[in-house]
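# A structural model of the following input is requested.
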Amino acid sequence: MIKGSDHIHDALTKLADVDEVLEQNKDVPFVKRIRDPKNYPTKRVRGGRATHQMASAEVDGKEIAYPTLRHKETKGLGKIFRPKGKLYRDADPITAVRSGNYVKFPTAAKADEFARGSWKKSKSWNK
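Numbers count the residues shown, from 1 in each chain. I've put the predicted structure just below:
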């Protein structure tokens, strides 16, 4: 075995896991934005513009990752056929769960890893 190959394998497994999570949750609203970020609005944040901001929490025994920057659609289409609407802040995990705008994970560590940005390594985000 090549020295360091375990780390390479772990990294590849993590990347595959992220893409698998996104594929399995492709109908979740914030996952749609991850998979197609150019077709959604951005929000001005310190240091630039953002399409996503995430958090993790335990809700009713479920470990979840959810957006704290959410998309509110309005009627019609925006410029260049983007879904019209705006991004707004809502850090409450309960409203994310009630609206189905979350992804469940087996552990708090996995949910936190995703919320901290492991999704940015996905094929969807980097296309």
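
# Could you use CA atoms for every contact and neighbour count after this?
Noted.

# ranges for the strands of the chain?
Along the chain, counting by DSSP state E, strands occupy 43-45, 48-50, 54-59, 62-67, 69-77, 83-89, 103-105.

# Can you list the strands that the second one pairs with?
In this case it means strand 48-50. strand 43-45 (antiparallel) (DSSP bridges).

# thinking again about what came up before, highest mean neighbour count out of the strands of the chain?
Among the strands of the chain, the stretch with the highest mean neighbour count (mean count of other Cα atoms under 10 Å) is strand 62-67, at a mean of 24.

# quick one, that one and strand 83-89 angle?
120 degrees (axes from the mean of the first three to the mean of the last three Cα atoms, to 10 degrees).

# Please name every helix or strand in contact with strand 62-67.
Judged by 3 or more Cα pairs under 8 Å, 6 or more residues apart in numbering; DSSP states H and E, the packing partners of strand 62-67 are strand 54-59, helix 93-98, strand 103-105, helix 108-115.

# Next, format those as TSV and append mean pLDDT and distance to residue 27.
Formatted as TSV, the helices and strands packed on strand 62-67 follow (pLDDT from 0 to 100; distance: least, Cα to Cα, whole Å):
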stretch	mean pLDDT	distance to residue 27
strand 54-59	94	17
helix 93-98	92	14
strand 103-105	93	11
helix 108-115	91	17
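
# can I get those in TSV with distance to residue 46?
Conversion of these to TSV gives the following (distance: least, Cα to Cα, whole Å):
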stretch	distance to residue 46
strand 54-59	15
helix 93-98	23
strand 103-105	26
helix 108-115	19
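
# that older thread, would you mind telling me which of the strands of the chain is nearest residue 26?
Closest approach to residue 26 among the strands of the chain (Cα to Cα): strand 103-105, 10.1 Å.

# my guess is residue 28 contacts residue 100, does it?
Yes. With contacts counted by Cα atoms under 8 Å, residue 28 reaches residue 100, the gap being 6.7 Å.

# Could you tell me which residues touch both of those two?
Common contacts of residue 28 and residue 100 (Cα atoms under 8 Å, 6 or more residues apart in numbering): none found.

# on that earlier part again, got TSV for the strands of the chain, with distance to residue 23 too?
Below are the strands of the chain laid out as TSV (distance: least, Cα to Cα, whole Å):
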stretch	distance to residue 23
strand 43-45	25
strand 48-50	22
strand 54-59	18
strand 62-67	15
strand 69-77	20
strand 83-89	21
strand 103-105	11
